[in-house]
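Enquirer: With the input below, show me the fold.
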Amino acid sequence: MVNRIFAAAMMATLAMAPLPAAAQVGFGLHFGDEPRDFYPQLPMCLTDRQIREAIARRGYTKISLNVPNAKRIQVRATQDGWVYLIDFDFCADRIRGRQALRPAG
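Expert: Take a look at the predicted model:
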């Protein structure tokens, strides 16, 4: 009898113990249409060299980087005879916008 009471008390104590953060369940709304759902953040943001390589993989040449600002960097690069100003998110590895500046010359 004492063992059953002790076992019940232990189960109640364990049931009230807080769960680790990874085991907790969230009940927020999630629609899957936020930009971060399509372009998740990388575990680590890209370095300058990795940014240049990512832009080059997209077909750009003559790549120049500006100063990074809030996980974004302006990149000037040439493609198909035009010089573009590119707004690049270097923590999600994606181009957020692009503006043609002038013909390459």
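
Enquirer: Need phi/psi at Gln50.
Expert: For Gln50, the backbone dihedrals are phi -70, psi -30 (criterion: degrees, to the nearest 10).

Enquirer: so who does it touch?
Expert: Under the criterion of CB atoms under 8 Å, 6 or more residues apart in numbering, the neighbours of Gln50 are Phe90. The way it works is simple: take the backbone N, C-alpha and C, and place the C-beta from them, glycine included.

Enquirer: Return the distance of it relative to Pro68.
Expert: To Pro68, Gln50 is 12 Å away according to CB to CB, to the nearest Å.

Enquirer: list the residues that contact both of these two?
Expert: Common contacts of Gln50 and Pro68 (CB under 8 Å, 6+ apart): Phe90.

Enquirer: Now do Ile73 against Asp87, distance only.
Expert: 8 Å.

Enquirer: who's more crowded, the two?
Expert: Each of Ile73 and Asp87 had its neighbours counted (other CB atoms under 10 Å), and the higher figure belongs to Ile73 (20 against 14).

Enquirer: Kindly state the beta-bridge partners for that one.
Expert: Ile73 has these beta-bridge partners by DSSP bridges: Phe88.

Enquirer: In this structure it contacts Phe88, no?
Expert: Yes: the pair Ile73 and Phe88 qualifies as a contact (CB atoms under 8 Å) at a distance of 5.4 Å.

Enquirer: okay, and the common contacts of those two?
Expert: Residues touching both Ile73 and Phe88 (CB under 8 Å, 6+ apart): Ile51.

Enquirer: worst-scoring helix or strand of the protein, pLDDT-wise?
Expert: When the helices and strands of the chain are compared on mean pLDDT, DSSP states H and E, helix 35-38 comes out lowest with a mean of 54.

Enquirer: longest single strand anywhere in the protein?
Expert: Of all segments of type strand in the chain, defined using DSSP state E, the longest is strand 94-103.
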